[in-house]
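A.B. asks: Quick one: sequence plus predicted model below, questions after.
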Number of protein chains: 2
Amino acid sequence: MSNVRVLMWGLGEIGTRAAKMLAQRPQVSFAGAISHQVGQDLGSVIGGDDLGIEIVESPQELGVVEADICLLGTHQRVPDLVPQIEWLLDQGISVIASGEEMIFPWATHPELADQLNAKARAAGVTIYGTGINPGFVMDALPLCLSSCCASVERIDVTRTSDFSPYGPGPLRSLGVGLTREEFERGLQSGMVDGHIGFKESMGVIARALGWTIEEYREDIAPIVTNVERHTAHISVPPGNVVGCDHSAEALIDGKVVIRLSHPQQIAPDAENARVGDFVHIHGDPPISMEITPEIEGGQATAARMVNAIGSVLEGPPGLVAMDQLTLPFATPLGRPGTSVGDHAA
Amino acid sequence: MSNVRVLMWGLGEIGTRAAKMLAQRPQVSFAGAISHQVGQDLGSVIGGDDLGIEIVESPQELGVVEADICLLGTHQRVPDLVPQIEWLLDQGISVIASGEEMIFPWATHPELADQLNAKARAAGVTIYGTGINPGFVMDALPLCLSSCCASVERIDVTRTSDFSPYGPGPLRSLGVGLTREEFERGLQSGMVDGHIGFKESMGVIARALGWTIEEYREDIAPIVTNVERHTAHISVPPGNVVGCDHSAEALIDGKVVIRLSHPQQIAPDAENARVGDFVHIHGDPPISMEITPEIEGGQATAARMVNAIGSVLEGPPGLVAMDQLTLPFATPLGRPGTSVGDHAA
């Protein structure tokens, strides 16, 4: 694989980080960029020299696009992404999406997933969703660890995150700064929505391990502070909400087989909340893993997209998930297919 | 994949554990068994009912063997394994080997590796080596974690193991019970040999990350106890050796880029040695992971062999390593290739 032509679609935080990583890789060239920073050069958006790639607002403005793959960072939900992905399939372009539901679209939109899968197979290209969570901490990582087990009875994952770096938009979605009552109202109105991805993580774990989930439940609770907590963006008095503890459980035969929990809060050290990624596999043998602090989400999500390029381009056509692609790792092109061949030759 | 026919070759600790796991899987049937327990039924060796599989001493005694894959647990070193693997290739049987050097045979025997690769490709079958270490803790696991990184400068892995369960043979190879002087002599004679696999783990990490290792060094030191330590198998007085601390470093441009360390000792709690698997990735972002206690080696090695069956059978022909197969996980057949297809259909 000598040169990979990448189309960037969506230059929010993740897309911008991914573009910055790709700009440093000599095997990558940019085939175009679609985002709201219309008229700017892609290079200036990622804080570098001009790249001769003018950002356009819609795919139609690209003209003839010669791309192998698109890094798609526009939406979180499958229905919002389908029109964009179908346009890409029509051009014969493979897709790596950061939208949470794309990790395992069968979890929430099985018909759209089947539709995308059929179209991608017909087009001979691959669609893949990835990220840090969902996409790694609560699914790929416990799956990888489970390869050491003769049997698995239950998987528990907790990702306790420090939300201090984030600004007003993300803070609002967690209810940070609200009173308990406002938090409840925020939940009802949908303003507070916590984490997207539990069903997706559980779906891919269940498919891989051959489990059929019979019951699913979710809980979302405010994290209320006992002390004043503050960040660069907000100060919260004692008694108010500093984050939310969102969790989900999957059951088989009345027993919890997967429990995923994602407490996110600002200034966790103010009350000694221990941030980190924690995986417990109840199996034979049991495995108890922790990563402290938690893996930094923004950079890791962008890196997982970039590092997946090689294995997606070499992967089977269709809509695929992490259980169908090669072991992921950091590399200039995601998977050194050709170097393995060279090595062996 | 409805039924997989497995030939067992080598029923030591690992092979016996793997056979026990396979005996519980309805999709698996045994195609034969070769080991030193000649004349016994495979079922009795794994502590179960007779399976109608009489253990023979050599492959020639098997007669016509109809197997898809062989779990090979006979030797640690590539040259000892080559004749057995070549016999299997001649029968068109894929191979999963637990021998440490088979994780990445190019590290120590590049010519034999190329020879096996060419023969396996010609036969259209796959050869793969796996285990817990090498094969997971010091290679597959840090590689998988590195998929969250935009760049990696250095990888450090320490596996601190409790060697208390092991008997005389393994104890001798670590020098347990010896004086310092006897340990030094044991090193020189080769009786004390520590861990096999550092070069293999480094080789596959380097291939995956696109690194070219310029310098390699190894160190092996006795772990001397300050207190009396004992297990069911041995008592060691203060001042004597209770294990060995074997480590290796790979350098590029004069800088250490991989450091692997494997202190193994009996009764580590006697002096509060903290057992576990520890991975530190110096990258962007950095990742600091620990698994405590360390993943149990015997069961995990057997499980990794069993869990690899599906992905090896669906993998590319040739001699392959972990960077060429799908994300590993626990499953009845290693990889639900058909269920993915079913799901999507």
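C.D. replies: Thanks, I have the structure now.
A.B. asks: what's the helix or strand for A:Ala120?
C.D. replies: In this assignment (DSSP states H and E), A:Ala120 forms part of helix A:110-123.
A.B. asks: Following element in sequence after that helix, please.
C.D. replies: Counting by DSSP H and E, the element after helix A:110-123 in chain order, helix or strand, is strand A:126-129.
A.B. asks: Can you tell me what sits against the helix holding A:Ala120?
C.D. replies: A:78-79, A:82, A:85-86, A:89-90, A:92, A:105-106, A:126-127, A:317-319, B:344 (CB atoms under 8 Å, 6 or more residues apart in numbering or on different chains). From N, CA and C alone the C-beta is placed, and that goes for glycine too.
A.B. asks: Can you turn the buried part of these into a ChimeraX selection?
C.D. replies: Buried residues among the contacts of helix A:110-123 (16 or more other CB atoms under 10 Å in any protein chain shown), as a ChimeraX selection:
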select /A:78,82,85,89,105,106,126,127,318,319
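A.B. asks: I'd guessed A:Asp162 sits against A:Ala270; true?
C.D. replies: No - assessed by CB atoms under 8 Å, A:Asp162 is found out of contact with A:Ala270, at 10.7 Å.
A.B. asks: coming back round to it: and which of the contacts of helix A:110-123 is nearest B:Gly203?
C.D. replies: Distance to B:Gly203 across those (CB to CB) is lowest for A:Thr126, with 28.8 Å.
A.B. asks: Bridging across strands, which residues link to that closest one?
C.D. replies: Note on A:Thr126: beta-bridge partners A:Gly318, judged by DSSP bridges.
A.B. asks: tell me the contacts of it?
C.D. replies: Neighbouring residues of A:Thr126 by CB under 8 Å, 6+ apart: A:Ser94, A:Val95, A:Ala120, A:Val312, A:Leu313, A:Gly315, A:Pro316, A:Pro317, A:Gly318, A:Leu319, A:Val320.
A.B. asks: how close does the closest residue to the last one other than its chain neighbours sit to A:Ala18?
C.D. replies: Spatially, and ignoring its direct neighbours in sequence, A:Val320 is nearest to A:Tyr128 (5.4 Å; CB to CB, 6 or more residues apart in numbering or on different chains). In this structure, A:Tyr128 and A:Ala18 are separated by 14 Å, where distance is defined by CB to CB, to the nearest Å.
A.B. asks: Go through the helix holding A:Ala120 and flag the buried ones.
C.D. replies: Result for helix A:110-123 [16+ other CB under 10 Å]: buried residues A:Leu112, A:Ala113, A:Asp114, A:Leu116, A:Asn117, A:Lys119, A:Ala120, A:Arg121, A:Ala123.
A.B. asks: what do you get for stretch A:145-153?
C.D. replies: Those would be A:Leu145, A:Ser146, A:Ser147, A:Cys148, A:Cys149, A:Ala150, A:Val152, for stretch A:145-153 by 16+ other CB under 10 Å.
A.B. asks: same thing with stretch A:66-80?
C.D. replies: A:Ala67, A:Asp68, A:Ile69, A:Cys70, A:Leu71, A:Leu72, A:Gly73, A:Thr74, A:His75, A:Gln76, A:Val78.
A.B. asks: what are the phi and psi angles of the fifth one?
C.D. replies: Think A:Leu71. Dihedral angles of A:Leu71 (phi, psi; degrees, to the nearest 10) stand at phi -90, psi 110.
A.B. asks: ok, what's across the strand from it?
C.D. replies: Beta-bridge partners, per DSSP bridges, of A:Leu71: A:Met8, A:Ile96.
A.B. asks: that older thread, more crowded one of A:Asp162 and A:Ala270?
C.D. replies: Legend: neighbour count by other CB atoms under 10 Å in any protein chain shown for A:Asp162 and A:Ala270, higher for A:Asp162 (20 against 17).
A.B. asks: How about the residues of the stretch 101-250 of chain A by chain B?
C.D. replies: A:106, A:114, A:117, A:132, A:136, A:140-141, A:143-152, A:207-210 (CB under 8 Å from any CB of the partner chain).
A.B. asks: Next step: the residues you listed restricted to helices.
C.D. replies: A:Asp114, A:Asn117, A:Ala140, A:Leu141, A:Leu143, A:Cys144, A:Leu145, A:Ser146, A:Arg207, A:Ala208, A:Leu209 (DSSP state H).
A.B. asks: Which two among the residues you listed are spaced furthest apart?
C.D. replies: So, those by CB to CB: farthest apart are A:Asp114 and A:Leu145, at 30.1 Å.
A.B. asks: Run through the strands of chain A in chain order.
C.D. replies: Along chain A, the stretches classed as strands by DSSP state E are A:4-9, A:28-34, A:69-72, A:94-97, A:126-129, A:151-162, A:215-224, A:229-230, A:235-236, A:241-252, A:255-265, A:276-284, A:287-291, A:318-320.
A.B. asks: now for the fourth one, which elements pack on it?
C.D. replies: Where contact means 3 or more CB pairs under 8 Å, 6 or more residues apart in numbering or on different chains; DSSP states H and E, strand A:94-97 is packed against strand A:69-72, helix A:78-90, strand A:126-129, helix A:309-314.
A.B. asks: give me that answer again for 10 Å
C.D. replies: Applying 3 or more CB pairs under 10 Å, 6 or more residues apart in numbering or on different chains; DSSP states H and E, one finds that strand A:94-97 makes contact with strand A:4-9, strand A:69-72, helix A:78-90, helix A:110-123, strand A:126-129, helix A:297-307, helix A:309-314.
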